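1. Got a predicted structure here, sequence first:
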Amino acid sequence: MQTYLVGGAVRDTLLGLPITDQDWVVVGTTPTAMLELGYEQIGSDFPVFLHPRTKQEYALARTERKSGHGYTGFTCYAAADVTLEQDLLRRDLTINAIAQDQQGQLIDPYHGQYDLKHKILRHVSPAFSEDPLRVLRVARFAARFAHLGFTIAAETMALMQEIVVSGELANLTPERVWLEWHKSLSSNDPQVFLSVLRQCGALAVIMPEIDALFGVPQPVKWHPEIDCGIHTLLVAKQATLLSDDTIIRFAAQVHDLGKALSPKDDLPHHKTHCRDGIKPIKQLCQRIKVPNDYRDLALLVCAQHTKIHHAQEMRASTFITIFDQIDAWRKPQRIEQLAICCRADARGRYSFDTTAYPQADIIIAVFDIAQAVPVAPIIAAGFIGAEIKQQLAQARALAVDEYLQRTRN
């Protein structure tokens, strides 16, 4: 029985990145022997065990044979005669197919260290094309390592395109699609995830609402990048620079879906995209089973972002109406989230990436003023029921108006 550290822990150590999880492969043993040593078996698809003390995962070396459709359509063989090299061969990328023995020596039969040095994401073997999930995984790794200069090998991109053409992406579950998308949102360059999916043709299959933005024009005066799809990628990057909140990053990526639905006669203008974008956001989130808090912020950013862009001229009563519409009184965190998304939208344009955006500061300041208005005097004055809400709205609007008059004059 021999134990090897494998996968991300080895890769990230070689890259000088922090290690979050450690995965181990065990060669030359059986499930029965593992159980006798006190390991706890988890899962039923193939033998994976939890260490009795560290609770880290130890998987028996295994091979896989394609036996069906999708990423679950495999027959696994795990036995004492499976070698480490055979186990590493079934992995997706060469940089993930490096092992380390208990003496610290690296076992690298598929030249992962070479690809790490040259910053290449390359598949290990032609079996790569048997698993459609690997299209999303490679896109996610491209997003994670883009800031280090990693690119996808041409032959690997060709296999990803073949997978898309084969129709195998249809066998991915919504949960796995969202899991990869969500992981990409935590990277330094989540826009690369979308860009890679589009390059291989997967974006049109998995997220057609986003793919439809590419090729749709915008007024060059306000959008030097012109293309709505390019604007979306730029906004995604700006949101990443402004916040670590993956909910904000998601909302920024989908806030403009309505622009793909603008009437051709109106182009390059998008007069109703804030309204038109609600339906495709709901469709996308329902199909991929996006969590409700992600969906809800995306919907309110879609509906409100152009209003916030005009915050410098907006009336006090309009601010109060917006706060009511987004349920800010109960969920005050939405104000900052909306402000960040709008700032990212404004900066997600060629030559506008460092532009000032006072509108974000205005909406935050105005909300603080409105929220500070006390309700106790209104109740003390004898108002009841719906009258309290009405009087409070008027008092808030008055306080905001006084603030705006001072700051605008």
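-> Sure thing, it's come through. Numbering: from 1, shown residues only.
2. the bottom helix or strand of the chain by mean pLDDT?
-> Every helix and strand in the chain was compared by mean pLDDT, DSSP states H and E; the lowest is strand 74-78, with a mean of 69.
3. Please name the nearest non-neighbouring residue to the residue sitting nearest the centre point of the chain.
-> By C-alpha atoms, centre = their mean, the chain has its centre lying nearest to residue 185, at 2.9 Å. Nearest residue to residue 185 in three dimensions, chain neighbours excluded: residue 246, at 4.0 Å (C-beta to C-beta, 6 or more residues apart in numbering). C-betas here are computed from N, CA, C, even on glycine.
4. Please work out how many residues are found near the one you found.
-> Number of residues near residue 246 (other C-beta atoms under 10 Å) recorded here: 19.
5. And for residue 207?
-> By other C-beta under 10 Å, the residues close to residue 207 number 21.
6. on that earlier part again, ok, the residue nearest to residue 185 - contacts?
-> 182, 185-186, 294 (C-beta atoms under 8 Å, 6 or more residues apart in numbering).
7. distance of it from residue 405?
-> Residue 246 sits 39 Å away from residue 405, taking C-beta to C-beta, to the nearest Å as the criterion.
8. ok, now residue 353?
-> Counting by C-beta to C-beta, the gap between residue 353 and residue 405 amounts to 33 Å.
9. Same check on residue 59?
-> On the measure of C-beta to C-beta, residue 59 and residue 405 end up 67 Å apart.
10. who's more crowded, those two?
-> The residue with more neighbours, out of residue 59 and residue 405, is residue 59; 19 against 10, by other C-beta under 10 Å.
11. Any chance you could list what contacts the helix or strand containing residue 184?
-> Residue 184 belongs to helix 174-185 when elements are defined using DSSP states H and E. The contact list for helix 174-185 (C-beta under 8 Å, 6+ apart) reads 71, 133, 136-137, 139-140, 143-144, 190, 192-193, 206, 246, 249-250, 287-290.
12. can you map out the helices along the stretch 101-250 of the chain?
-> For the stretch 101-250 of the chain, helices defined by DSSP state H, counting those that start in this stretch occupy the ranges 112-117, 133-145, 154-166, 174-185, 190-200, 202-206, 208-211, 228-242, 246-254.
13. any idea of the mean pLDDT for stretch 290-299?
-> Average pLDDT, stretch 290-299: 98.
14. buried set for that stretch?
-> 290, 294-299 (16 or more other C-beta atoms under 10 Å).
15. Could I get the buried residue list for stretch 40-51?
-> Buried residues in stretch 40-51, defined by neighbour count with 16+ other C-beta under 10 Å: 47-49, 51.
16. should've said stretch 163-176
-> 163-164, 168-169, 172, 176.
17. just to revisit the earlier point, what's in contact with the next helix or strand after the least confident helix or strand of the chain?
-> For strand 74-78, the following helix or strand on the C-terminal side (DSSP H and E) is helix 84-89. Contact with helix 84-89 is made by 2, 4, 6, 25, 27, 61-63, 97-99, 107, 109-110, 124-125, 127, as judged by C-beta under 8 Å, 6+ apart.
18. rerun at 6 Å
-> The contact list for helix 84-89, computed with C-beta atoms under 6 Å, 6 or more residues apart in numbering, reads 25, 27, 61, 63, 97, 99, 109, 125.
19. Report the distance from the helix or strand following it to the chain centre.
-> Per DSSP H and E, helix 84-89 leads on to strand 99-100 as the next helix or strand towards the C-terminus. Centre-to-centre, strand 99-100 and its host chain are 30 Å apart (C-alpha atoms, centre = their mean, to the nearest Å).
20. Equivalent analysis for stretch 246-256, please.
-> Worked out by C-alpha atoms, centre = their mean, stretch 246-256 lies 8 Å from the chain centre.
21. So, low pLDDT: which residues of the stretch 51-200 of the chain?
-> 66-75 (pLDDT under 70).
22. which residues in the stretch 301-409 of the chain form helices?
-> Under DSSP H, counting those that start in this stretch, the stretch 301-409 of the chain gives helices at 316-325, 333-347, 358-371, 376-380, 386-408.
23. Residues contacting the longest one, please?
-> Applying C-beta under 6 Å, 6+ apart, the external contacts of helix 386-408 come out as 316-317, 319-320, 366, 369-370, 373, 375, 378, 383.
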